[in-house]
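Asker: I'll drop the sequence and a predicted model, then ask my questions.
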There are 2 protein chains.
Amino acid sequence: MSSDNIELATVLNSAVTHLSRRIRRIDDAQDIGRARLSALSVLVFGGPRTLSELAADEMVSPATMHHVVNGLVKLRLATRRTDADDKRKTRIEVTLRGRQYMEDARQARLDFYTAHLDKLSAKERSAVAEFARLADDWVRGG
Amino acid sequence: MSSDNIELATVLNSAVTHLSRRIRRIDDAQDIGRARLSALSVLVFGGPRTLSELAADEMVSPATMHHVVNGLVKLRLATRRTDADDKRKTRIEVTLRGRQYMEDARQARLDFYTAHLDKLSAKERSAVAEFARLADDWVRGG
DNA sequence: ATAATCTAATTAGCCATGCTAAATAATAGC
DNA sequence: GCTATTATTTAGCATGGCTAATTAGATTAT
């Protein structure tokens, strides 16, 4: 572990922190809260799943996810129904309305990114693409 | 706006989303919640300020920040006192204990980053550094 | 000097989002 | 059939978000 990497980690930590805050502000412009938006995105991009699976994906307790899903269902962004094979399980599925909602929210983020990417050189865009690839590795590898 | 940039924005959005989730898990290992941790970091790195200023920094209402600061003060991570020049204003300042707390929390994040950076080539590290610089620009420029 | 207006924080009430614990119903294993 | 395990829901609490109202202090206008 070199001191250069400590310095780079510090700079990266700061950048990711500030970027996350900025993205949060974009997300906060949506009508629903962060927990609902995040759970909805798991459903939209990952497909239907049981309440417990969704809770595990989001790393919260089933009780918490129960509340979040209540909110999504109330807003007609998702539906819940008993699993066909196991009456104890509840399957959660995104609605068309929820899918459209997510698309709008995602588009707001993409607009932020593309506005900035459009101003970059090919070399800079290449660096961004490389970072995205590395970050994905980090998250997958733990 | 090119379709390549839309694709890159999509990939970057996904990477930042997943990375943020991962960082959140690291932060969640701390005893205090996100709002308190975030407010504390503003005080540690940006210095003492009034309650309203802190609320504005965190983009929440003064009433919300009032509650968050109550929590920090109760845990002795920050102090509050009436401003010397204006009796309506409350100044919030981090304690030594709070400063140490923040350092521990930050170190947990840096450990995550350095563990991954240590495995990168010089070229890859250079891309990460470039991204950090760009992201900072994006956040500053709005 | 006094009154009117503005400002900063606090209180009050409500809702969302976290948790643990307990309860209920369904399923699995013996 | 009975016991143990599993999935969800309910209950209670704390944190963190909001708006509205209140209180006290500061500034401005008369």
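Answerer: Cool, got the structure.

Asker: just checking, A:L43 touches A:E93?
Answerer: Yes: between A:L43 and A:E93 there is a contact at 6.8 Å, judged by C-beta atoms under 8 Å. No exception for glycine: its C-beta is placed from N, CA and C like everyone else's.

Asker: looking at the two, which one has more neighbours?
Answerer: Shown here are A:L43 and A:E93; by other C-beta atoms under 10 Å in any protein chain shown, A:L43 has more neighbours (23 against 13).

Asker: DNA strand C contacts on chain A?
Answerer: Contact residues (C-beta under 7 Å from any atom of the strand) of chain A with DNA strand C: A:32-36, A:58-61, A:63-64, A:67-68, A:71, A:85-88.

Asker: in ChimeraX, select just the buried ones from those.
Answerer: To isolate the buried members of these in ChimeraX, using 16 or more other C-beta atoms under 10 Å in any protein chain shown:
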select /A:32,35,36,58,60,68,71
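
Asker: what's the overlap in contacts for A:L43 and A:E93?
Answerer: Common neighbours of A:L43 and A:E93, counting by C-beta atoms under 8 Å, 6 or more residues apart in numbering or on different chains, are A:A78.

Asker: what about the helices in chain A?
Answerer: A:3-28, A:34-46, A:51-58, A:62-74, A:96-117, A:122-141 (DSSP state H).

Asker: who's in contact with stretch A:25-35?
Answerer: With C-beta under 8 Å, 6+ apart, stretch A:25-35 has contacts from A:24, A:37, A:40, A:58, A:60, A:64, A:68, A:71-72, A:75, A:77, A:101, A:104-105, A:108-109, A:112, B:59.

Asker: same thing but at 7 Å, please
Answerer: Residues from elsewhere that reach stretch A:25-35 (C-beta atoms under 7 Å, 6 or more residues apart in numbering or on different chains): A:L37, A:V68, A:L75, A:A105, A:A108, A:R109, A:F112, B:M59.

Asker: for the second one, give me its contacts.
Answerer: In this structure, A:V68 makes contact with A:A35, A:R36, A:A39, judged by C-beta under 7 Å, 6+ apart.

Asker: could you export those residues as TSV, including pLDDT?
Answerer: What follows is these, written out as TSV (pLDDT from 0 to 100):
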residue	pLDDT
A:A35	95
A:R36	96
A:A39	96
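
Asker: ok, these vs B:R133, which is closest?
Answerer: B:R133 lies nearest to A:A35 out of those, by C-beta to C-beta, at 32.2 Å.
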